[in-house]
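> fold the following, please.
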Amino acid sequence: MRASHPTLVAASRAIAAQREVMISRWSEWLGDRMTSSRVVSRALVERQLGLILDVLASMVGPLRRETKPIWARVTEHYGRIAAARGLAAGEVVEEMQYLREVLIRYLAPSIVALRPRQGMALLLRLNRLVDRGVAMAVVGYTDALVHTLIPSDGSRGNGAPTVDPADFSRDLETIGDALGEVVASAGGR
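Here you go, the predicted structure:
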């Protein structure tokens with residue numbers, strides 16, 4: 001674990017402190033898209049939004065190097081779930097862009113209180129992270145669509161994804177466990 005600038009630690013804490021309200025706002029912006037699929041429940045999408053915020057809070061704090069691969073996994077997973085929800089590629093990008101807006105909206109008071117140079121550095125870091133998240137969500141989305149066309153079992157793809165919500169839930173649990181292990185191992189240092 002490397003030392004973090006106090007600005008980054010404060011941003012990490014601000015994200016964690018406002019997690020629930022940020023999930024609520026993000027969910028509100030997603031609206032009917034969250035319930036457009038019978039396969040993927042609103043609760044599962046909200047659970048994923050929470051995990052994204054948890055990982056993001058670690059990414060701006062002292063565990064950024066350790067959580068970088070977890071950030072890629074959780075955002076790629078978001079893209080796979082978006083494909084199962086029946087979203088278009090542009091909608092996946094738009095949903096991840098809402099994350100940027102949520103962060104700016106809820107971190108603005110903290111950012112404004114910083115010296116301009118620190119505030120700008122934090123905004124740039126958050127934007128880079130969201131951009132990487134958008135890219136990985138598109139990768140996950142595209143992989144899920146390709147899988148529907150070329151299934152791994154050798155049979156011909158029919159364009160209809162075989163979706164098991166329990167698999168998605170287990171994947172989220174695995175990603176959450178990985179984040180928990182990183183955080184726990186840092187606490188022992």
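
> show me the shaky parts of the protein.
Scanning the chain for pLDDT under 70 picks out 1-4, 36, 151-163, 188-189.

> what residue is smack in the middle of it?
Ile52 (3.1 Å; CA atoms, centre = their mean).

> was I right about that residue contacting Gly133?
Yes: here Ile52 lies in contact with Gly133, judged by CB atoms under 8 Å, at a distance of 7.4 Å. To be clear about C-beta, it is placed using only N, CA and C from the backbone, and glycine gets the same treatment.

> what about the longest helix in this protein?
Counting residues, the longest helix found in the chain (DSSP state H) is helix 116-149.

> that older thread, could you find the closest non-adjacent residue to the residue nearest to the centre of the chain?
Spatially, and ignoring its direct neighbours in sequence, Ile52 is nearest to Val74 (5.6 Å; CB to CB, 6 or more residues apart in numbering).

> close enough to count as contact, that neighbour and Ile175?
Yes: contact criterion CB under 8 Å: Val74 and Ile175 qualify, at 5.2 Å.

> shared neighbours, the two?
Listed as contacting both Val74 and Ile175 by CB atoms under 8 Å, 6 or more residues apart in numbering are Leu51, Val55.

> these two: who's more crowded?
Val74 (27 against 21; other CB atoms under 10 Å).

> report how many residues lie close to Ala16.
Ala16 has 15 neighbours, counted by other CB under 10 Å.

> hey, C-alpha coordinates of whichever strand or helix holds it in CSV?
Using DSSP states H and E, Ala16 sits within helix 6-17. C-alpha atoms of helix 6-17 as CSV (Å, rounded to 0.1, in the frame of the first residue of the first chain):
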residue,chain,number,x,y,z
PRO,A,6,-4.9,13.6,1.9
THR,A,7,-7.1,14.9,-1.0
LEU,A,8,-7.4,11.3,-2.3
VAL,A,9,-8.2,9.9,1.1
ALA,A,10,-10.8,12.6,1.6
ALA,A,11,-12.4,11.8,-1.8
SER,A,12,-12.4,8.1,-0.9
ARG,A,13,-14.2,8.8,2.4
ALA,A,14,-16.7,11.1,0.7
ILE,A,15,-17.6,8.4,-1.8
ALA,A,16,-18.0,5.9,1.0
ALA,A,17,-20.0,8.3,3.1
